[in-house]
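Novice: How does the following fold in three dimensions:
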Amino acid sequence: MKLWGGRFQRGPSEVFERFSSSLGFDRRLLEADIRGTQAWARVLESAGVLQTAEREAIEAALEAVRAEAAQPGFFESAADEDVHTLVIRKLAERTGALAEKIHTGRSRNEQVSLDVRLWLREQIDQVRARIAELASALLELARKWPETIIPGYTHLRRAQPVLWSHYLLAYFEMLARDWERFSQARARVNLLPLGAGALAGSGFAFDRQAVARELGFEGITANSMDAAADRDFVLDFLYAASVTMLHLSRLAEDWILYSSEEFGWLELADEVSSGSSLMPQKKNPDSLELIRGKCGRVFGCLAYLFLTMKALPMTYNRDMQEDKPPLFAAADELLASLEMASVVARSLRLKPELAAAAVEQSWVVATDLAEGLARAGVPFHRAHQLVGKLVLESLKRGRRPADWRPEELAQFAPEFTPELARLLDPRQGMRTREIPGGTGPQAVAEALEEAFKRLEAMRASLAQP
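Specialist: Presented below is the predicted three-dimensional model:
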C-alpha cells in the first residue's frame, strides 16, 4: 500500500523501496501514530469529513491495531514504507474504503513531527525520573559518610582536602542542571504540529488548541513552515543527552580511578564488576567503563543530526527521516547508562581509613597553611614561598605534615607560629572554608539538606502531567 502514486507511471524499484524504507526503525512510533490518527479522526468529524459512526469505526479499528501490535511477530512480515503506511494498511484491512478518508488534510510531514513529539515527551519523562534516581543515590552516599575527608584533585594530583559529601554534591549539581535542560527541552517538544499540513497549513479548519489539550500539549506551533522544517526539538534532546552522558562519563572515570589499587579508597560491588578469562586476580570496573564508552556514541548521535540538518533548504526534506536512528540510539544509551550508574552508586563502598591516609600522606594542607600565614599578616607571595620550601624539605626528608612538631616549624621559619601549626591537621583548615558552596562541614551539611529538598521538588514535578 502507498499513500501516494497517482502522478507516477511506474512504481518504485525494489532497490529504492529497500533503501528508503524506515519501518525498520520508526516502528517504535506505532503507539504515537495510533494516538495521533485517533485524534485526527475526531478532527475530521468536526470538519464534516467523517460521520460520527465512521469516526467510531476508525477509532475501534485503531484500537484493534494497537492490540494486534502487542502480539509477537506483528512487524515480521510487514513491508510497508513507514509506520504511518503500516497503520493505514492495517486500518484498511478492518474498515475497507473508509480508511482512505483518514489522511484527508493531513501530511506525513506534520504526522511524523507529531509522532516524534509524543514519543519524545515520554522518553524525557523517563530520563528525568532516572536522573532523579541517580541524584538520590549520590545524596544517600553523601549522607552515609558526611564528614569523611578525601583528597580533592586538580590535574589528577592531590590538591586540597574536601569532604566526600562535598564531592558528591558537585555531581548532584551537574545532574540538577541536566534535569533543567531536559525540562526545557520538554517544553519545546510539547507543542502540537498538527495543522501545519505539508508546509502551508491545513485546508480544513479545526480548533488546534483543543486538539493540543486532548493530546496533552501545552500549545501549538506558530508557523506551518517552521513546524514542517523543525528538528530543533530533537537536537535539544540530543544535546541534553550528550551533556548528561559527559557527566556520567566523568563520574565513571573518577570511580574507576578511585577504586583502583593505585588509589584504593573506593570499592565497587561484585555485582557491577567482572573478571578476566586469563588473570584470576582481576576485578574490573566494566560497568563504569561501558558508561564511559557509550558516551562517545551519544556524542556521535548529536553530530550526526547536526550534519544532516545543516544545509537543508526549507521546509521538509527526506534527509530528515534520518533523525530517528540517532534519536532512538541516544535515548536507549542514556536511559541504560543512568540506570547502570544508579546501581553502581547504590552498591558503592567508601573506605574512610584509606581516604584519610591518602590525605595525611600528602601535602594537601599546603594551601591552608599558606592562607593561614596570609591571615596572620604575611604577604601571600611570601607565604606561598615559605610553604613551598617546607613542602620541598619534607619531600627530601620523607616527612608528612603530621611529622612536623610546632617547634620544628618555628625553627624552619619564625612565621610558623604554634597556632598556625594546627593547620597541618586537614580538619582545621577545612573549618576555614565555611563559605556557601565551600567544603566547610557546616556549609556542606546545609547544602546537603538543601539538595534533598531540591530532589523532592524534582520528584514532585514528575508526578505532574
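
Novice: Can you classify the nearest residue to residue 119 once chain neighbours are set aside as helix, strand or coil?
Specialist: Once flanking residues are discounted, residue 119 sits nearest to residue 32: 4.8 Å by C-beta to C-beta, 6 or more residues apart in numbering. For glycine as for every other residue, the C-beta is placed from the backbone atoms N, C-alpha and C. Secondary structure, DSSP: H, G, I helix; E, B strand; the rest coil: residue 32 is helix.

Novice: measure residue 32 to residue 462 for me?
Specialist: Applying C-beta to C-beta, to the nearest Å, the value for residue 32 to residue 462 is 20 Å.

Novice: which one of these two has more residues nearby?
Specialist: Set side by side, residue 32 and residue 462 show more neighbours around residue 32, with 23 against 14, by other C-beta atoms under 10 Å.

Novice: so who does that one touch?
Specialist: Applying C-beta atoms under 8 Å, 6 or more residues apart in numbering to residue 32 gives the contacts 114, 115, 116, 118, 119.

Novice: Try it again at 10 Å.
Specialist: Going by C-beta atoms under 10 Å, 6 or more residues apart in numbering, residue 32 touches 26, 83, 111-112, 114-122, 215.

Novice: any weak-confidence spans in this protein?
Specialist: Scanning the chain for pLDDT under 70 picks out the ranges 1-4.

Novice: Give me the nearest residue to residue 299, chain neighbours excluded.
Specialist: Leaving aside its sequence neighbours, residue 299 sits nearest to residue 242 (C-beta to C-beta, 6+ apart; 5.3 Å).

Novice: and what of residue 207?
Specialist: For residue 207, ignoring the flanking residues on the chain, the nearest one in space by C-beta to C-beta, 6+ apart is residue 46 at 7.4 Å.

Novice: just the helices in the stretch 251-400 of the chain please.
Specialist: Counting by DSSP state H, counting those that start in this stretch, the stretch 251-400 of the chain has helices at residues 286-309, 324-346, 352-360, 366-375, 380-397.

Novice: Redo these as TSV? Include distance to residue 74 and mean neighbour count.
Specialist: What follows is the helices of the stretch 251-400 of the chain, written out as TSV (distance: least, C-beta to C-beta, whole Å; neighbours: other C-beta atoms under 10 Å):
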stretch	distance to residue 74	mean neighbour count
helix 286-309	27	18
helix 324-346	18	21
helix 352-360	54	17
helix 366-375	64	20
helix 380-397	69	14
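
Novice: Quick one: closest of the ones you listed to residue 100.
Specialist: Nearest to residue 100 among the helices of the stretch 251-400 of the chain is helix 324-346; the distance by C-beta to C-beta comes to 26.8 Å.

Novice: Which strands or helices does the closest one pack on?
Specialist: Secondary-structure packing of helix 324-346 (3 or more C-beta pairs under 10 Å, 6 or more residues apart in numbering; DSSP states H and E): helix 23-26, helix 108-144, helix 164-189, helix 232-258, helix 286-309.

Novice: could those go into CSV alongside distance to residue 452?
Specialist: Shown next, in CSV, are these (distance: least, C-beta to C-beta, whole Å):
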stretch, distance to residue 452
helix 23-26, 40
helix 108-144, 6
helix 164-189, 10
helix 232-258, 19
helix 286-309, 25
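
Novice: tell me the residue furthest from the middle of the protein?
Specialist: Using C-alpha atoms, centre = their mean, the residue of the chain lying farthest from its centre is residue 411. It sits 55.4 Å away.

Novice: Where does that residue sit: helix, strand or coil?
Specialist: Residue 411 is classified as helix under three-state DSSP.

Novice: can you pull the contacts of it?
Specialist: Taking C-beta under 10 Å, 6+ apart, we find residue 411 in contact with residue 405.

Novice: Could you double-check that residue 256 lies in contact with residue 293?
Specialist: No - with contact defined as C-beta atoms under 10 Å, residue 256 does not reach residue 293; the gap is 11.5 Å.
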